[in-house]
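Participant: sequence plus predicted model, see below.
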2 protein chains.
Amino acid sequence: MRILGIDPGTGILGFGVVDVDARKPGVYQMVDAGVVRTPPHTPHDERLEDIYDSLVEIIRSTSPDVLSIEKLFFTRNITTAMTVAEARGVAILAARQHGLPIFEYTPPQIKQTLTGYGKADKKQVQEMVRVQLGLREVPKPDDCADALAAAITHAAMTRLTTS
Amino acid sequence: MRILGIDPGTGILGFGVVDVDARKPGVYQMVDAGVVRTPPHTPHDERLEDIYDSLVEIIRSTSPDVLSIEKLFFTRNITTAMTVAEARGVAILAARQHGLPIFEYTPPQIKQTLTGYGKADKKQVQEMVRVQLGLREVPKPDDCADALAAAITHAAMTRLTTS
């Protein structure tokens, strides 16, 4: 199974593609990872189109089986939350149009799955992403590591529910 | 100028298309109006795709020049707000992909423009939509009248800034 993980955002959106072999559950391989970045002060509608076009390109070039996307959780800044939700809508649309089933996980679920502790800090989660994918260094920027964490979470959840 | 107004939502999304003649400012004509409705319990990603497909169809069949969309404002229910923002993202994407400039107005701006009072109630706004468009009855459901109100707001704003 190939999983596309997404950490939604507008200025910067992280993505990570992870393979998991059904015969080797718990062994994950990173296929691709990166960010979709739009310059500051880019009009919001242009950003949404950039995100959509980039994700369609990523889906076409990596052919993932499912989308695992971080669910918004915070309420500190309602305006930011709404803007990120708009980007999330566009990402979900791109996945749906390409036949990908969509799974959503909250940050505490992702933290719990990666580290065993729902309130783990960012650094601990990132270190587990590095270990789980057998990488030398933590993928940068943070948005990229967070997207990979979302992908790993879905892999681990699927393993739990099918075994 | 032909304006597509949208009142965003996921279960029900209102749209209204209004023509304004540059030689007759203040005279508005309704071209089309309605709602995109998805049954209760429809998966969220399916809803977003339905909204996108319906809006693309509406844009192609009515050829509007601009999109005027209601800006989210409420914070009462953050989960609902996020879901509506996702639908909003998809609507903005559809408009952007068809070359429509996008204008956003908050509910108080729309109320102020239609009735002269930013805290007017729903009924007053709807009655002004009816009067401004020369209709016998208030368009139903509410989401449809709200979308027409967004379209009329942009027409009135453009008139103010160009005269």
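Facilitator: Cool, got the structure. Just so it is clear, the model here is predicted, and its values are computed rather than measured.

Participant: tell me the SS of the most centrally placed residue in chain A?
Facilitator: In chain A, the centroid-proximal residue (C-alpha atoms, centre = their mean) is A:Ile6; its distance is 2.3 Å. Of the three states, A:Ile6 takes strand according to DSSP: H, G, I helix; E, B strand; the rest coil.

Participant: show me the contacts for it.
Facilitator: Contact analysis of A:Ile6 by C-beta atoms under 8 Å, 6 or more residues apart in numbering or on different chains lists A:Leu13, A:Gly14, A:Phe15, A:Leu55, A:Leu67, A:Ser68, A:Ile69, A:Glu70, A:Ala91, A:Ala147, A:Ala150. Yep, even glycine has a C-beta here, placed from its N, CA and C like the rest.

Participant: quick one: it and A:Glu104, what's the gap?
Facilitator: From A:Ile6 across to A:Glu104, the span is 10 Å (C-beta to C-beta, to the nearest Å).

Participant: next one: the lowest-mean-pLDDT helix or strand in chain A to chain centre, how far?
Facilitator: When the helices and strands of chain A are scored by mean pLDDT, DSSP states H and E, helix A:142-162 comes last with a mean of 90. The chain centroid and the centroid of helix A:142-162 are separated by 8 Å under C-alpha atoms, centre = their mean, to the nearest Å.

Participant: please identify the buried residues of that helix?
Facilitator: A:142-156, A:158 (16 or more other C-beta atoms under 10 Å in any protein chain shown).

Participant: of all those residues, which comes closest to B:Asp21?
Facilitator: Each of these was scored against B:Asp21 by C-beta to C-beta, and A:Asp143 proved nearest at 47.9 Å.

Participant: name the nearest residue to the closest one, sequence neighbours excluded.
Facilitator: Spatial nearest neighbour of A:Asp143, chain neighbours left out: A:Gly14 (3.1 Å); criterion: C-beta to C-beta, 6 or more residues apart in numbering or on different chains.

Participant: so what's the one you found up against?
Facilitator: By C-beta under 8 Å, 6+ apart, the residues touching A:Gly14 are A:5-7, A:33-35, A:141-148.

Participant: which parts of chain A sit against chain B?
Facilitator: Counting by C-beta under 8 Å from any C-beta of the partner chain, chain A comes close to chain B at A:44-46, A:48-49, A:52, A:72, A:75, A:78, A:81-83, A:85-90, A:92-93, A:95-97, A:102.
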